[in-house]
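Q: following is a predicted model, sequence given first.
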2 protein chains.
Amino acid sequence: MGAAKFLRGLVKRIPPERLTVIVNTGDDENFYGLHVSPDVDTVTYTLAGLVNPGHGWGLKDDTFAALNALARFYGKPWFNLGDRDLATHLYRTERLRAGESLSRVTALIAKRLGVRSEILPMSDDRVHTWVKVRGRAAMPFQEYFVRNRSRGAVEGIELRGIEDARPLPAALSALRRASAVILAPSNPFVSLGPILALKGMRQALAKIRPRVAAISPIVGGRTLKGPADKMLRGLGLEVSPLGVARLYRDIVGVFVMDIRDKDYLEPVRALGMRAVAVDTIMTTPAKAARLAGIVLNTLPV
Amino acid sequence: MGAAKFLRGLVKRIPPERLTVIVNTGDDENFYGLHVSPDVDTVTYTLAGLVNPGHGWGLKDDTFAALNALARFYGKPWFNLGDRDLATHLYRTERLRAGESLSRVTALIAKRLGVRSEILPMSDDRVHTWVKVRGRAAMPFQEYFVRNRSRGAVEGIELRGIEDARPLPAALSALRRASAVILAPSNPFVSLGPILALKGMRQALAKIRPRVAAISPIVGGRTLKGPADKMLRGLGLEVSPLGVARLYRDIVGVFVMDIRDKDYLEPVRALGMRAVAVDTIMTTPAKAARLAGIVLNTLPV
């Protein structure tokens, strides 16, 4: 998750208290009767300093005794849930069933884990991302991404429930108040896509467009991780920073691409954006912090 | 749990396939949004050979990572749920929410864990045992027993929901078909009590009274484990095999007491029961098997 790496750098450049993260919930899934919010948890664990650095998801030093025991009842698991991680899902599920909103539970979890930034699920309503791959019926995102390891040619992405979902009011007001907004180098379709597809979200960003930056998840013609390149290709779009920039034309003022893609600077500028090319590869926390600093410098913070 | 120790011995004397266990669900409890059935699980784990022999509950070699992590959200836990044990509760809860009955889920769990006997929860309806202790409001059984370590003078036991609960039809028909029925050396109020209080249960046993044996949980004026002695005392009953036998007068044909209580043989016989006094202390599986053999021999099996 490029977003998590970037956030880890960002909180080295700004006080964590000043950061609000609006997080995709389209790939939330029910496992074993538990409400699992993979993106919210990755952001929370990352900002809490608890994320498993090897995986980029889950908690460090977690064990998998419960999951192994669940195999007796459900067969071999394909989605990893650690024992300590389970506590988060148990708490979330129990609170949601008691009538709490996802945003409230997310805030409680973040607080208990010592996160000082604000983490907002994009909506308290259920949006469910499905992926249609050639020759197969549409499947929920986690099934496509984790179980099937993003195999197959993507023919479509469906955001079920998006028409009726309301963006979190706190997210919209955070955007209004923000001195700067950064779209992380995330998948434009399944990570940023659901957030941007919520009613009123693009309009809110369009109003503050000069303060909005985006970082290309495509570097040298492919993604470092995840299926954004396959999705661009499958949907007939250009697999390049330009292909991504076109998706954000109406809402992004500054487009940040990797230095090796600098040939795209002019085409992106032709879309009416400011554009910069820098080293965007976040192999270390220091490099992530440097990238965050550069992006912040492009904005009127 | 005297019942678990006894069952471990019983399946050394009869083929496990011939055994049906009717189990109390009055001390089922909701923890962290999960439906926990402590008695059912102890019986299941015992018959599967998976029970933690030190505790008499839970799974052997289990770990507690999830429980420790739950403390972040709920505070210090007072009811132990191991990581592998959690898988059972997750499966049960998920299946119940999907509309399965507790008896069906119990059978599925037993099957997956390799149990060859039939384990029947006493009812698919919810009965909830509450205990009233002097100077305190009534509390659910687990809170009394585990959280408060059975402290305080018992003033009453309440079986909430018992009026509307139907005994499991399979339990009643198992009683009708049984060549022998044994009431384990369990707590007469909170373990056997809820089962016997179900509509039609005492009548079903009364009809086969000569084939029904009971083993006294009171030995030498006290229980080996658990609060049965305190409860007898608190409710103004005699803390002796005779005090227990009186509770079963209408339904038990053979009463088994410990050899050190042999002075109670005559008073129990005066209740119209056959009575035997033997060594009932099950310190080893071999001793439990020996006791089971003796009890079976008292019955027309």
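A: On my side now, so go ahead. All of these numbers come straight from a predicted model, not from anything done at the bench.
Q: and the residue of the stretch 201-301 of chain A found nearest chain B, what pLDDT?
A: Chain B sits closest to residue A:285 of the stretch 201-301 of chain A, with a gap of 24.8 Å, by CB to the nearest CB. Glycine gets a C-beta too; all of them are placed from N, C-alpha and C. For residue A:285, the pLDDT comes out at 91.
Q: ok, which stretches of the stretch 201-301 of chain A are helices?
A: Secondary structure of the stretch 201-301 of chain A by DSSP state H, counting those that start in this stretch: the helices cover A:201-207, A:228-234, A:241-247, A:265-269, A:285-297.
Q: among those helices, which comes closest to residue A:115?
A: Taking CB to CB, helix A:285-297 is the member of those nearest to residue A:115, at 17.0 Å.
Q: deepest in the core, which of the helices of the stretch 201-301 of chain A is it.
A: Of all the helices of the stretch 201-301 of chain A, helix A:241-247 carries the top mean neighbour count, a mean of 23, counting by mean count of other CB atoms under 10 Å in any protein chain shown.
Q: wait, which of the helices of the stretch 201-301 of chain A is closest to residue B:258?
A: Judging the helices of the stretch 201-301 of chain A by CB to CB, what sits closest to residue B:258 is helix A:285-297, at 67.9 Å.
Q: pipe the helices of the stretch 201-301 of chain A into CSV and attach distance to residue B:111 per row.
A: Output for the helices of the stretch 201-301 of chain A, formatted as CSV (distance: least, CB to CB, whole Å):
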stretch, distance to residue B:111
helix A:201-207, 49
helix A:228-234, 42
helix A:241-247, 51
helix A:265-269, 61
helix A:285-297, 50
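Q: ok, residue A:57 to residue A:50 distance?
A: 11 Å (CB to CB, to the nearest Å).
Q: now swap in residue A:132 and tell me
A: Counting by CB to CB, the separation of residue A:132 from residue A:50 is 35 Å.
Q: partners of the spatially closest residue to residue A:274 that is not a sequence neighbour in the sheet?
A: Leaving out its chain neighbours, the residue that sits closest to residue A:274 by CB to CB, 6 or more residues apart in numbering or on different chains is residue A:254, at 4.6 Å. With DSSP bridges as the criterion, residue A:254 is bridged to residue A:213, residue A:274.
Q: list the contacts for residue A:146?
A: The neighbours of residue A:146, taking CB atoms under 8 Å, 6 or more residues apart in numbering or on different chains as the test, are A:78-79.
Q: secondary structure class for it?
A: With DSSP: H, G, I helix; E, B strand; the rest coil as the basis, residue A:146 sits in helix.
Q: ditto for the one 4 residues further on
A: Counting by three-state DSSP, the backbone at residue A:150 sits in coil.
Q: what does residue A:108 give?
A: Quick answer, by three-state DSSP: residue A:108 is helix.
Q: how far away is the nearest residue to it once chain neighbours are set aside from residue A:159?
A: Closest residue to residue A:108 apart from its sequence neighbours, by CB to CB, 6+ apart: residue A:95 at 7.1 Å. Residue A:95 sits 25 Å away from residue A:159 when distances are taken as CB to CB.
Q: find the residue at the geometric middle of chain A.
A: The centroid of chain A falls nearest to residue A:191 when counting by CA atoms, centre = their mean (4.3 Å).
Q: ok, it - contacts?
A: A:1, A:3, A:24, A:39, A:184.
Q: same question, residue A:36
A: A:28-30, A:79, A:81, A:89 are the contacts of residue A:36 under CB under 8 Å, 6+ apart.
Q: same list (those) but as TSV, adding distance to chain B.
A: Converted to TSV, the contacts of residue A:36 look like this (distance: CB to the nearest CB, whole Å):
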residue	distance to chain B
A:28	16
A:29	14
A:30	9
A:79	14
A:81	10
A:89	10
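Q: list just the nearest of the contacts of residue A:191 to residue B:290.
A: Distance to residue B:290 across the contacts of residue A:191 (CB to CB) is lowest for residue A:39, with 59.8 Å.
Q: dump the residue contacts of residue A:144.
A: Contacts of residue A:144 by CB under 8 Å, 6+ apart are A:131, A:133, A:150.
Q: what's the helix or strand for the residue of chain A positioned farthest from its centre?
A: Relative to the mean C-alpha coordinate of chain A, counting by CA atoms, centre = their mean, the farthest residue is residue A:72 (32.7 Å). Using DSSP states H and E, residue A:72 sits in helix A:65-74.
Q: now do that helix, average pLDDT.
A: On average, helix A:65-74 scores 97.
Q: who does it touch, helix- and strand-wise?
A: Packing partners of helix A:65-74 (3 or more CB pairs under 8 Å, 6 or more residues apart in numbering or on different chains; DSSP states H and E): helix A:83-97, helix B:83-97, helix B:102-112.
Q: chain B contacts on chain A?
A: Remark: the part of chain A in contact with chain B comprises A:32-34, A:59, A:62-63, A:65-70, A:72-74, A:82-88, A:90-91, A:93-94, A:97, A:108-109, A:112-113, using CB under 8 Å from any CB of the partner chain.
Q: mark which of the residues you listed are buried, thanks.
A: Buried subset of the residues of chain A next to chain B (neighbour count, 16 or more other CB atoms under 10 Å in any protein chain shown): A:32-34, A:59, A:62-63, A:65-67, A:69-70, A:73, A:82-88, A:90-91, A:93-94, A:109, A:112-113.
Q: ok, the residue nearest to the centre of chain A to chain B distance?
A: Remark: distance between residue A:191 and chain B (CB to the nearest CB, to the nearest Å) = 27 Å.
Q: equivalent analysis for residue A:100, please.
A: Distance from residue A:100 to chain B, by CB to the nearest CB: 12 Å.
Q: before we move on, what about residue A:10?
A: Residue A:10 is 25 Å from chain B, by CB to the nearest CB.
Q: how about the nearest residue to that residue, chain neighbours excluded?
A: Leaving aside its sequence neighbours, residue A:10 sits nearest to residue A:292 (CB to CB, 6+ apart; 4.2 Å).
Q: surely the one you found and residue A:13 touch.
A: Yes: counting by CB atoms under 8 Å, residue A:13 is a contact partner of residue A:292 at 4.6 Å.
Q: follow-up on the earlier one: could you export the contacts of residue A:191 as a markdown table, including neighbour count?
A: Formatted as a markdown table, these follow (neighbours: other CB atoms under 10 Å in any protein chain shown):
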| residue | neighbour count |
| --- | --- |
| A:1 | 22 |
| A:3 | 25 |
| A:24 | 27 |
| A:39 | 25 |
| A:184 | 22 |
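Q: export stretch A:244-261 to PDB, keeping only CA atoms.
A: Taking C-alpha atoms only, stretch A:244-261 is exported to PDB below (Å, rounded to 0.1, in the frame of the first residue of the first chain):
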ATOM      1  CA  VAL A 244      -3.400   8.500 -14.100                       C
ATOM      2  CA  ALA A 245      -3.300  12.300 -14.400                       C
ATOM      3  CA  ARG A 246      -6.200  12.300 -16.800                       C
ATOM      4  CA  LEU A 247      -8.400  10.600 -14.200                       C
ATOM      5  CA  TYR A 248      -7.700  13.500 -11.800                       C
ATOM      6  CA  ARG A 249      -7.800  16.400 -14.200                       C
ATOM      7  CA  ASP A 250     -10.800  18.100 -12.600                       C
ATOM      8  CA  ILE A 251      -9.600  17.800  -9.000                       C
ATOM      9  CA  VAL A 252      -5.800  17.900  -8.900                       C
ATOM     10  CA  GLY A 253      -3.700  21.000  -9.200                       C
ATOM     11  CA  VAL A 254      -0.200  19.500  -8.800                       C
ATOM     12  CA  PHE A 255       0.800  16.100 -10.300                       C
ATOM     13  CA  VAL A 256       3.900  14.400  -8.900                       C
ATOM     14  CA  MET A 257       5.500  11.700 -11.000                       C
ATOM     15  CA  ASP A 258       8.700   9.700 -10.700                       C
ATOM     16  CA  ILE A 259      11.900  11.200 -12.200                       C
ATOM     17  CA  ARG A 260      12.200   8.400 -14.700                       C
ATOM     18  CA  ASP A 261       8.800   9.500 -16.100                       C
END
